[in-house]
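[1] structure, please.
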Amino acid sequence: MNNEKTLVVVAFYQFFSFPDYEEKRPLLLSFCQEHQIKGTILMAKEGINSTIAGSRENIDAVLAYLRSDERLKDLEVKESFAPHNPFKRLKVKLKKEIVTLGIPTVDPQKKVGSYIPAQQWNNLITDPEVILVDTRNEYEFKIGTFKGAKNPHISIFREFPDYIKNNLDPVKNQKVAMFCTGGIRCEKATSYLLDQGFKEVYHLEGGILKYLEEVPPDQSLWEGECFVFDQRVALTHGVEKGHYEMCLGCGHPITKEEKLSPHYEEGICCDHCYEDLTVEKRKRQEEKMRQIKIQNSKFKIQN
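    Numbers count the residues shown, from 1 in each chain. Next up is the predicted model:
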């Protein structure tokens, strides 16, 4: 799949002191635009978080540009590939947090849990004394997770601390292991648990994406697919595109079987959102679909 016509998709984040993030935004935006990059970059005082896509040459140029900043010289990325760009546009956003937990005292720059490489993850999570917790949202958990993982039943990451307070005890639960898509949510989750008095806290280094990249299917304890926040929707072992599609009405992952539902209308709604469909929202979605078809027709003409 990796050839000269294939686009490179890179995901990366780093927590670091970034007081000049506002003035850096226009410079980074301009550089990415010049190199035809698409995707999302979040910038905040606490660091940077991003998934972007482009040609091999242009992605390498952007990474070199970022690493030219001494604070990002050791920036690590996770790579995958796509036949078409999974993003429609470029967004460089200023945020209060690069991943929103809503507790300012939690600081991954000061302390985080122990990183466990993908190749050692199975040994950890099969330890009967380890409590394995998925830090992701409900819909992410449902389409795939690790065998035996606990579902926190949250809709946004801000709800995670309440789950911990109501379900885990730092005295009874001595060993806690956590994981997320690329690793960033676990940076804050493990830092939070350490603040709450948990002693042995672990997280999957590089997240699920690194595990799917490095661990062969016949050795894997991963079940299902991994949701990603772009048009690929979900990935499988080898970081290959999975079988899910996305409802353009609500962004929820859906299967081919769910598209057969009488509640499904392409670009409008699905089983997960049809009850909330108002006349105004229908009009907006219909206009959005009209614009998408226009753009697709232009793309076909150009190619």
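
[2] just give the nearest non-adjacent residue to Leu63, would you?
    In this structure, Leu63 finds its nearest non-sequential neighbour in Val77, 6.6 Å apart by Cβ to Cβ, 6 or more residues apart in numbering. To be clear about C-beta, it is placed using only N, CA and C from the backbone, and glycine gets the same treatment.

[3] nope, Thr190 is what I meant
    Once flanking residues are discounted, Thr190 sits nearest to Gly113: 3.0 Å by Cβ to Cβ, 6+ apart.

[4] please state the offset of stretch 244-257 from the chain centre?
    How far stretch 244-257 lies from its chain's middle: 17 Å, per Cα atoms, centre = their mean, to the nearest Å.

[5] how about the helices in the stretch 201-303 of the chain?
    Using DSSP state H, counting those that start in this stretch, the helices found in the stretch 201-303 of the chain span residues 207-214, 279-302.

[6] who wins for proximity to Gln120 among those helices?
    Ranking the helices of the stretch 201-303 of the chain by proximity to Gln120 (Cβ to Cβ) places helix 207-214 first, at 10.6 Å.

[7] the residue nearest to Leu63 bridge partners, please.
    Taking DSSP bridges as the rule, Val77 bridges to Phe12.

[8] next, count neighbours for it.
    Neighbourhood size, Val77 [other Cβ atoms under 10 Å]: 18.

[9] now it: how far from Leu28?
    For Val77, the distance to Leu28 equals 15 Å [Cβ to Cβ, to the nearest Å].

[10] now do Tyr202
    Distance from Tyr202 to Leu28, by Cβ to Cβ: 33 Å.

[11] with Leu260 instead?
    Counting by Cβ to Cβ, the gap from Leu260 to Leu28 is 44 Å.

[12] who has more neighbours out of these two?
    Leu28 (20 against 8).

[13] what residues are up against Leu212?
    If you count contacts by Cβ atoms under 8 Å, 6 or more residues apart in numbering, Leu212 has them with 220, 222, 226, 235-239.

[14] ugh, typo on my part, it should be Met246
    Counting by Cβ under 8 Å, 6+ apart, Met246 has contacts 231, 233, 252-254.

[15] wait, which of these is closest to Gly182?
    Nearest to Gly182 among the contacts of Met246, with distances taken as Cβ to Cβ, is Val233, at 15.6 Å.

[16] look up the closest residue to Pro108, ignoring the ones flanking it.
    Glu187 (4.1 Å).

[17] for Glu223, same thing?
    Distances taken as Cβ to Cβ, 6+ apart place Lys147 nearest to Glu223, at 5.6 Å, with adjacent residues excluded.

[18] picking that back up, surely the residue nearest to Leu63 meets Phe12?
    Yes. Counting by Cβ atoms under 8 Å, Val77 touches Phe12, with 4.3 Å between them.

[19] host element of the residue nearest to Lys150 when sequence neighbours are not counted?
    In space, and not counting its chain neighbours, Lys150 is closest to Val133: 5.0 Å by Cβ to Cβ, 6+ apart. For Val133, the element it lies in under DSSP states H and E is strand 130-134.

[20] centre of the chain to that strand, how far?
    19 Å.

[21] coming back round to it: and the residue nearest to Lys150, what pLDDT?
    pLDDT recorded at Val133 is 98.

[22] just to revisit the earlier point, so for the residue nearest to Leu63, what pLDDT did the model give?
    Per the predicted model, pLDDT is 93 at Val77.

[23] ok, Glu200 - how many residues close by?
    16.

[24] that's a helix at Val99, yeah?
    No. Under DSSP: H, G, I helix; E, B strand; the rest coil, Val99 sits outside any helix and is assigned coil.

[25] residue contacts, it?
    Shown in contact with Val99 (Cβ under 8 Å, 6+ apart): 13, 49, 157, 184-185, 187-188.

[26] picking up where we left off before, who does the helix or strand harbouring the residue nearest to Pro108 touch, helix- and strand-wise?
    Counting by DSSP H and E, the element that carries Glu187 is helix 184-195. For helix 184-195, the elements it packs on are strand 7-15, helix 160-167, strand 175-179, strand 200-204, judged by 3 or more Cβ pairs under 8 Å, 6 or more residues apart in numbering; DSSP states H and E.
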